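> Predicted structure and sequence below. I'll ask about it afterward.
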2 protein chains.
Amino acid sequence: MSRGASRATGRPTLVELARIAGVSPITASRAMRGVPSVDPELARRVHEAAAEIDYVANTAARTLASSYSDSVVVLIPSLSNLLFIDTLEAIHAVMHGRGLEVLIGNFHYAGEAEHSLLRNYLAYQPRGLILTGLSQMPATRRLIARSRIPAVHMMDLAPGTEQHCVGFSQADAGAAAARHLAERGRSRLAYVAAQLDPRTIERGEGFQRAAQADLGLAAPVVLTDEQPSSVALGGHFLARLVEEHPEVDGVFFNNDDLAQGALFEAQRRGIAIPSRMSMIGFNDLPLSAHMVPRLTSIRTPRARIGETAARHLLRLIDGESVSSCRLDLGFELMVRESS
Amino acid sequence: MSRGASRATGRPTLVELARIAGVSPITASRAMRGVPSVDPELARRVHEAAAEIDYVANTAARTLASSYSDSVVVLIPSLSNLLFIDTLEAIHAVMHGRGLEVLIGNFHYAGEAEHSLLRNYLAYQPRGLILTGLSQMPATRRLIARSRIPAVHMMDLAPGTEQHCVGFSQADAGAAAARHLAERGRSRLAYVAAQLDPRTIERGEGFQRAAQADLGLAAPVVLTDEQPSSVALGGHFLARLVEEHPEVDGVFFNNDDLAQGALFEAQRRGIAIPSRMSMIGFNDLPLSAHMVPRLTSIRTPRARIGETAARHLLRLIDGESVSSCRLDLGFELMVRESS
DNA sequence: CTGAAAGCGCTTACAG
DNA sequence: CTGAAAGCGCTTACAG
């Protein structure tokens, strides 16, 4: 269990490992990296010695010498939304299987923060980048292009872009919500949204376009707030809806937590859902299926988006020629009791 | 906007920065790090050049040369519990203010995973560690001790330990739940828990001890499941409670999502809450205050735990002599309609 | 206040 | 299959 003197870092070095294993440092290095040319017996001795002294190669030295790190960077706008947690977990599972560390950056829906996070993380020489959405600032776009590090964008799809993207059409999801409400016989629709990020806005536009142009309905009532989405805010929105727009009979909530809060507030006020008003949420958070009434929602394939984005990025990192750069994973309408 | 030739990494180096600024590399290095001895005029030129070529020091080289990284490691058991998200955000805010990157490791409630995460992250030479709970495996404890990197444990408090910990007494929180139910006139209590991590177990023990020894009640019914806590599971628990233990009139749910699911299931079955049964949850998740009926819960100071743990760690990193190594931040009983 | 030398702990070519 | 040399891009002492 004891070990020889170590560096300032207090951790054993490759030289010490090599001495204990009785090989040269370069052979120890190769054995640790699993280079196949190493004699199996020597490799065995190296691994044994490594286990004994608990050797793990210094990341900084390895990265500096090889100019390759074992990390990928994932930039997301929020950690408080389960949407991104599920995505992150899926990315992590794939990357971990390849021995890659995932560096998580939360830019709190602020383009400037996204830019400076990326600047800082680029100093780690990540092997790849996974970004949220397609609306990075021009300066951020330039930073990515100049870094020549492969990047995959998730959650949204660009029509005719060279960017690699994995997600679904936000506008189509909005349109599907409008169509569903119309099928339920609703004609006075409302769109309720907080946290007005680009994807929220696209969904809202898809919803309104479908309601008017495709379904021939009156222009939907639109209630928005720049605050982050929350259950509390959903309750306030329902109150406003009932008081200011009593004609509304079908509502699309931009995120399930808003719909959940609205459902609670409706129950409190004795407003019958869905008979008085149909409600549909977005993302299909785990709680939604259990509410009373159970919330109709649009399920987003967040884990699959993460997994697919990660796999796609690995192919880019490996230099494989990737056929498609635009992967549409769709979404699923979960019809339940609230609509 | 154009810049000179660069290294294999494609990024500008200190040497290039120095040449553009017309100073020696070492002066450029000092200027970038804000070393005060540098002539202001030279520093200005360096910063101007850095902005021009978008220079950010190579992390690997800096870490290797100085044996100091700009990172701290935070190990948490789950990302799917808002508890840890809030804590993480608070840690991040403090560390970011000090220019430190937060490396997040999720060990999914598995001690082995915690160990190997730590092993890997130690290779990054973090300045400090923040760990969840106090029950790391012995091997993990040794790894931490040998690394000589300052560590702070959060969420739980050890009675007579040398470890730095920031949190509250889980057993006391359990006892507070029992006391509250007894004050509500409840005498046939139940403890319902999933995800049996050490803190959950401590809370359960505190609850049972208080119920029997302090309050003189019958031994509580205990329903547990090793699965992760979820709303769906809460519903199942309520069904079991009603069918198998109809005498129970007061329930402590180990986490709010269980209580939320139970509340929905009770509503669905027409079981009146709280008249037929008092319910209290744990953590006080944002949705709980909005339910019908509003859920009584124990609010944990998760953001403050994160912030306090981070500040405490910074003091340890700075080598300040820290008086107390055990910071009790308490908890708060939020009495609402469900109890 | 500034700089030349040495070195952090690895890996990459290049020989053998 | 193995190794000696050089170097990755910085910072740390040490001089001046």
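Yep, that arrived. Residues are numbered from 1 along each chain as shown, chains lettered A, B, ... in the order given.

> Where do the helices of the stretch 101-250 of chain A begin and end?
With helices called from DSSP state H, counting those that start in this stretch, the stretch 101-250 of chain A shows them at A:111-122, A:138-147, A:170-183, A:198-209, A:231-244.

> Check those for me and report the most buried one.
helix A:170-183 (a mean of 22; mean count of other C-beta atoms under 10 Å in any protein chain shown). The C-beta positions use only the backbone N, C-alpha and C, and glycine is treated the same way.

> what separates it from the chain centre, distance-wise?
Centroid separation for helix A:170-183 versus its chain: 23 Å, with C-alpha atoms, centre = their mean, to the nearest Å.

> one step back: including mean pLDDT, could the helices of the stretch 101-250 of chain A go into CSV?
Below are the helices of the stretch 101-250 of chain A laid out as CSV (pLDDT from 0 to 100):
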stretch, mean pLDDT
helix A:111-122, 94
helix A:138-147, 93
helix A:170-183, 98
helix A:198-209, 97
helix A:231-244, 98
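
> Nearest to DNA strand D, out of those?
Across the helices of the stretch 101-250 of chain A, DNA strand D has its closest neighbour in helix A:111-122 (11.5 Å, C-beta to the nearest atom of the strand).

> Is any residue of the closest one near DNA strand D?
No: if you take C-beta under 7 Å from any atom of the strand as the test, helix A:111-122 misses DNA strand D, and the best it gets is 11.5 Å.

> Dump the C-alpha coordinates for that helix into PDB.
This file holds the C-alpha atoms of helix A:111-122, laid out as PDB (Å, rounded to 0.1, in the frame of the first residue of the first chain):
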ATOM      1  CA  GLY A 111     -26.200  34.200 -25.200                       C
ATOM      2  CA  GLU A 112     -23.400  36.100 -23.700                       C
ATOM      3  CA  ALA A 113     -22.900  33.500 -21.000                       C
ATOM      4  CA  GLU A 114     -22.900  30.800 -23.600                       C
ATOM      5  CA  HIS A 115     -20.200  32.600 -25.500                       C
ATOM      6  CA  SER A 116     -17.900  33.000 -22.500                       C
ATOM      7  CA  LEU A 117     -18.500  29.500 -21.300                       C
ATOM      8  CA  LEU A 118     -17.500  28.200 -24.700                       C
ATOM      9  CA  ARG A 119     -14.400  30.400 -24.700                       C
ATOM     10  CA  ASN A 120     -13.300  29.000 -21.300                       C
ATOM     11  CA  TYR A 121     -14.100  25.400 -22.100                       C
ATOM     12  CA  LEU A 122     -12.300  25.600 -25.400                       C
END
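
> Briefly note if that helix comes near chain B.
Yes: for helix A:111-122, a contact with chain B is found by C-beta under 8 Å from any C-beta of the partner chain, at A:119-120, A:122.

> what angle do that helix and helix A:138-147 make?
Counting by axes from the mean of the first three to the mean of the last three C-alpha atoms, to 10 degrees, helix A:111-122 lies at 20 degrees to helix A:138-147.

> Tell me which residues are up against helix A:111-122.
A:73, A:75, A:77, A:103, A:105, A:107, A:129, A:135-137, A:139-140, A:143-144, A:147, A:149, B:11, B:54, B:56, B:101 (C-beta atoms under 8 Å, 6 or more residues apart in numbering or on different chains).
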